[in-house]
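Asks: What follows is a predicted structure for the sequence shown.
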Amino acid sequence: MSELQGRRLHKVVDYVYHNVPFYRNKMQQMGIEPDDILTIEDITKLPFTTKQDLRDNYPFGLQAAPPSEIVRIHASSGTTGNPTIVGYTRKDIGVWSECMARCLTAYGITRKDTFSVSYGYGLFTGGLGAHYGVENLGATVVPASTGNTEKHLKLIRDLGITGIACTPSYALHLAETMDKMGIKKEDIKLRVGAFGAEPWTDNMRKEIEERLGLDGYNLYGLSEIMGPSVSYECEEKHGSHINEDHFFPEIINPETLEPVPMGQHGELVFTTLTKEGMPVLRYRTRDLCSLMPGTCPCGRTNVRMTPIMGRSDDMLIIRGINVFPSQVESVILSTKEFEPQYHLVVDRVDNLDRLTVMVEVRDEYLTDVLPDLAKLEQMLAEKLKNVLSIRAKIKLMPKGSIERSQGKSKRVTDNRVLK
Amino acid sequence: MNIKQLSVFIENKSGALLRVFELLKEANIQLVATTIADTMDYGICRIICNEPQRAYDMLKEAGVSVALNDVFAVELDNRPGSAADAISLFAKEGIDLTYLYTFLFQGKGILIFRTNDRPRAQEIIEANGLRDVTL
């Protein structure tokens, strides 16, 4: 494996050196050339890539393939209105579908299954990423996307759908909707759930498995690297196997940026070994976890990562969507009706994440006419939706009621309890 | 005629309303009428008092979210149906009232209302001889 990884690493480094000025400049500043990178161990000589680098090079600065080779674009939300753009070549889509099919196979899905993809379709990588994997495997895909839960449950029951990919919180929402509709787990044939795009725990797994009557497996991915398919759990449900022939993982200390010894906790870093559209070297995911030493009883030899324990930045994951407090801040600062203060509250209502944005109305815009205040709320909710891609509940507050603190103020209250 | 009304933004939190009333008490300002329009998350407390401008300055100084608006105030006859008669004058002319409330002041019935069509509302008041209120 490491021989293959070394060969592929040399190739991708050589490729970006000649096609991406950003990487060539960085490497030249560090005094390294592609021929200095011959084995996978040489990876530590390479520069890191951060989310900020992707934003600074919006839209196509880090793209290595010519536009004519790009067959698809995905985007994730960005801070100042600039989303992160990722272009895929036809080969990239093929690798993605292959990696996703590996995940599904590990979950026990075969071409005889009918599989519902209940991630959002669109710019978000979840929907289409999982969709192509199911098709590649040869199972029947039902592109249910999100929303309209009752209709979805009817299809799950009537079509005998056996597998589903969604966020763990949506799975719990499905279970509750089943209760309301009077559908019992014996009425449906779901047996496999691929859950990802947000952190979850073993207790959530137990609850989902019990209520939906299926086996739930982790599915990890991020759009900057590929999308869902980067790693997956096998029948052991103990760590997620990384498709490391395509995505090489490292764990670093986020303070010193030095690699940590095998098995130790730190920030997960990925290098894409085979990507053509937008390859990235040593991308800092900000996700905190560790790699697991030893081989898995399932027989797979690719390395496993533990569940994500947290973030090394302030990013929130809300209904599978990445949200940075700074995005909310930029919207509020550009809206004259509100004081430049805000507080975010995230909680889980009926098993769905809810974001509440608390803002103070400026005195000049304070009115005693309630519908006018409701219009202010709506206006801000629309603006935030455009930037965040999710709807937030706006809570108007009296002036001065949001805590001001010196320096780094505490802007976020996350009430979600991962049981 | 117009009188001044304070509109105070009140957080839906224990003690928030009391704080405003205590500030008014400390400033020796007397309430004439108050009403609250409430939502799930907050309320707007509308206040008629004897010294609206001083109350406004004082509350603002104390950091309270407050606005000072003009509302109409007319006196109602002391008989059944007087409020309906007064309001029908505006309805007939197609003038919508944003909100209204009534209270008794020194034995007189007072109708307070707000409308977006102020000039025409003023005309109707004058044309129909509705009695202005001075507090």
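Replies: Sure thing, it's come through.
Asks: count of residues packed around whichever residue of chain B sits closest to chain A?
Replies: Chain A sits closest to residue B:7 of chain B, with a gap of 3.3 Å, by CB to the nearest CB. From N, CA and C alone the C-beta is placed, and that goes for glycine too. Using other CB atoms under 10 Å in any protein chain shown, residue B:7 has 22 neighbouring residues.
Asks: partners of it in the sheet?
Replies: Residue B:7 has these beta-bridge partners by DSSP bridges: residue B:46, residue B:67.
Asks: tally of neighbours for residue B:81?
Replies: Residue B:81: 10 neighbours (other CB under 10 Å).
Asks: And it, how close does it get to residue B:87?
Replies: 11 Å (CB to CB, to the nearest Å).
Asks: now do residue B:72
Replies: 11 Å.
Asks: helix or strand right after the host helix or strand of residue A:28?
Replies: Per DSSP states H and E: residue A:28 is located in helix A:21-30. As assigned by DSSP H and E, the chain's next helix or strand after helix A:21-30 is helix A:51-56.
Asks: buried set for that following helix?
Replies: Using 16 or more other CB atoms under 10 Å in any protein chain shown as the burial criterion, the residues of helix A:51-56 that qualify are A:51, A:53, A:54, A:55.
Asks: Over to stretch A:17-29?
Replies: Within stretch A:17-29, the residues scored as buried using 16+ other CB under 10 Å are A:17, A:19, A:20, A:22, A:23, A:26, A:27.
Asks: repeat for stretch A:257-276
Replies: Buried, per 16+ other CB under 10 Å, within stretch A:257-276: A:260, A:266, A:267, A:268, A:269, A:270, A:271, A:272, A:273, A:274, A:275, A:276.
Asks: thinking again about what came up before, the residue of chain B closest to chain A reaches residue B:48, doesn't it?
Replies: No: counting by CB atoms under 8 Å, residue B:7 does not reach residue B:48; the two are 10.9 Å apart.
Asks: Using the three-state scheme, assign the closest residue in space to residue B:32 that isn't next to it in sequence.
Replies: Spatial nearest neighbour of residue B:32, chain neighbours left out: residue B:48 (4.4 Å); criterion: CB to CB, 6 or more residues apart in numbering or on different chains. Of the three states, residue B:48 takes strand under DSSP: H, G, I helix; E, B strand; the rest coil.
Asks: ok, now which ones touch residue B:48?
Replies: Residue B:48 makes contacts with B:3, B:5, B:6, B:31, B:32, B:33, B:34, B:73, B:103, B:112, B:135, as judged by CB atoms under 8 Å, 6 or more residues apart in numbering or on different chains.
Asks: Would you confirm that residue B:23 belongs to a helix?
Replies: Yes: counting by three-state DSSP, residue B:23 falls inside a helix.
Asks: Which pLDDT does the model give it?
Replies: pLDDT recorded at residue B:23 is 97.
Asks: do you know how far residue A:136 is from residue B:33?
Replies: Counting by CB to CB - residue A:136 and residue B:33 are separated by 71 Å.
Asks: can you check residue A:181 too?
Replies: Separation of residue A:181 from residue B:33 (CB to CB): 50 Å.
Asks: between the two, who's got more neighbours?
Replies: Neighbour comparison, residue A:181 and residue B:33: the larger count goes to residue B:33, with 18 against 14 (by other CB under 10 Å).
Asks: ok, residues contacting the helix or strand that one falls within?
Replies: Assessed by DSSP H and E, residue B:33 sits inside strand B:31-38. Outside strand B:31-38, the residues that touch it by CB under 8 Å, 6+ apart are A:368, A:370, B:10, B:12, B:17, B:21, B:24, B:43-50, B:99, B:101, B:103, B:105, B:110, B:112, B:135.
Asks: tell me the average confidence for it?
Replies: The average pLDDT within strand B:31-38 is 94.
Asks: which stretches of the chain form helices?
Replies: With no chain named, the answer covers chain A. Ranges of helices within chain A are A:2-19, A:21-30, A:51-56, A:90-106, A:125-137, A:149-158, A:168-181, A:202-212, A:325-333, A:370-388, based on DSSP state H.
Asks: was after chain B, sorry
Replies: Under DSSP H, chain B gives helices at B:16-26, B:52-61, B:82-92, B:118-127.
Asks: and the ones you listed as CSV, adding mean neighbour count and distance to chain A?
Replies: Shown next, in CSV, are the helices of chain B (neighbours: other CB atoms under 10 Å in any protein chain shown; distance: least, CB to the nearest CB, whole Å):
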stretch, mean neighbour count, distance to chain A
helix B:16-26, 15, 8
helix B:52-61, 16, 7
helix B:82-92, 14, 17
helix B:118-127, 14, 13
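Asks: Relative to residue A:330, which of those helices is closest?
Replies: helix B:52-61 (28.9 Å; CB to CB).
Asks: relative to helix B:16-26, how tilted is the closest one?
Replies: Interaxial angle, helix B:52-61 versus helix B:16-26 (axes from the mean of the first three to the mean of the last three CA atoms, to 10 degrees): 120 degrees.
Asks: elements contacting the helix-or-strand element of chain B with minimal mean pLDDT?
Replies: Sorting the helices and strands of chain B by mean pLDDT, DSSP states H and E puts strand B:131-132 at the bottom, at a mean of 79. Secondary-structure packing of strand B:131-132 (3 or more CB pairs under 8 Å, 6 or more residues apart in numbering or on different chains; DSSP states H and E): strand B:66-76.
Asks: neighbours around whatever residue of the stretch 201-350 of chain A ends up closest to chain B, how many?
Replies: Relative to chain B, the nearest point of the stretch 201-350 of chain A is residue A:339 (9.8 Å; CB to the nearest CB). Here the number of neighbours of residue A:339 (other CB under 10 Å) works out to 16.
Asks: which ones are touching the residue lying closest to it once chain neighbours are set aside?
Replies: Leaving aside its chain neighbours, residue A:339 sits nearest to residue A:360 (4.1 Å; criterion: CB to CB, 6+ apart). The contact partners of residue A:360, by CB under 8 Å, 6+ apart, come to A:338, A:339, A:341, A:396, A:397, A:398, A:399, A:400, A:401, A:402, B:65.
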